[in-house]
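Q: Prediction below, plus the sequence it came from.
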Amino acid sequence: MTDGKDDNEGQTLDAENQTERKSGLKKQAKSQTTVKWSIVTEIETKSLTAKAAKKAKKGLFEWVEYNLRDAATIELTNKPKPPARPEDLATDLLEKFAKRVGDDQAQTIKTQNELIQQQAVQMEAQSRQLQEQANQLRQLTEAIKAQPGNLWEMVFGKNRKTN
């Protein structure tokens, strides 16, 4: 990258690029904050850049200015770079979704585990109550068996045999 005149070394620009260049120079001339500079790129890079600008419905100057500024800002602020390809974006989305689903499932499992523990405590308390009731029933059964069934047993006792 150098300041000053174009370093195209005799290469001719096609009509589209000349138009883009002229419109870019007009925009540069209007602003006092712009600087004319040129860069050397491979032919394929230049072609891809022109196609991308056309697809974005922007002039070449406008497209390059926006993307250079964006890339420089990202680089200087150490923010993660956006994915360059749709495959990368899809992979990122899937990873985030899997993590979220995993986090949601982990929270669900934790909640279910807490509920199971609460139920276990309740079941243990119910088991103790049932054991107490069973003991009380045994005591009542023994007391009933020990009581005399009639007046004769009451007077003479249960174990005394009659002739």
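A: That came through fine. Every value quoted in this text rests on a predicted model; they were computed, and no experiment measured them. Numbering: from 1, shown residues only.

Q: so where is the protein shaky, pLDDT-wise?
A: 1-32, 79-85, 87-88, 158-163 (pLDDT under 70).

Q: Break it down into its domains, please.
A: Domains of the chain are assigned by automatic domain parsing as 2-77, 85-163.

Q: export these to CSV and tack on mean neighbour count?
A: All C-beta atoms are positioned from the backbone trio N, CA, C, and that covers glycine. Formatted as CSV, the domains of the chain follow (neighbours: other CB atoms under 10 Å):
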stretch, mean neighbour count
domain 2-77, 12
domain 85-163, 10
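
Q: what element comes up after the one helix or strand Q117 maps to heading to the C-terminus?
A: Q117 is part of helix 86-146 when elements are defined by DSSP states H and E. Downstream of helix 86-146, the first helix or strand assigned by DSSP H and E is helix 151-156.

Q: Mind giving me the packing neighbours of that following helix?
A: Under the contact criterion of 3 or more CB pairs under 8 Å, 6 or more residues apart in numbering; DSSP states H and E, helix 151-156 touches no helix or strand at all.

Q: Give me the distance between that helix and the centre of its chain.
A: Relative to the centre of its chain, helix 151-156 is centred 84 Å away, using CA atoms, centre = their mean, to the nearest Å.

Q: Then stretch 146-153?
A: Counting by CA atoms, centre = their mean, stretch 146-153 comes out at 78 Å from the chain centroid.

Q: ok, now stretch 137-155?
A: Using CA atoms, centre = their mean, the offset of stretch 137-155 from its chain centre is 72 Å.

Q: Likewise for stretch 91-102?
A: 5 Å.

Q: Could you shift the numbering so residue one becomes 41, and keep it that way?
A: I'll keep to 41 as the first residue from here, and by that count the last item is stretch 131-142.

Q: what about dumping the CA coordinates of it to PDB?
A: In PDB, the C-alpha atoms belonging to stretch 131-142 read as follows (Å, rounded to 0.1, in the frame of the first residue of the first chain):
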ATOM      1  CA  THR A 131     -21.500 -24.700  12.600                       C
ATOM      2  CA  ASP A 132     -21.400 -21.900  15.100                       C
ATOM      3  CA  LEU A 133     -25.200 -21.900  15.300                       C
ATOM      4  CA  LEU A 134     -25.300 -25.600  15.800                       C
ATOM      5  CA  GLU A 135     -22.700 -25.500  18.500                       C
ATOM      6  CA  LYS A 136     -24.600 -22.700  20.300                       C
ATOM      7  CA  PHE A 137     -27.800 -24.600  20.000                       C
ATOM      8  CA  ALA A 138     -26.200 -27.800  21.300                       C
ATOM      9  CA  LYS A 139     -24.700 -26.000  24.200                       C
ATOM     10  CA  ARG A 140     -28.000 -24.400  25.000                       C
ATOM     11  CA  VAL A 141     -29.900 -27.700  24.700                       C
ATOM     12  CA  GLY A 142     -27.200 -29.300  26.900                       C
END
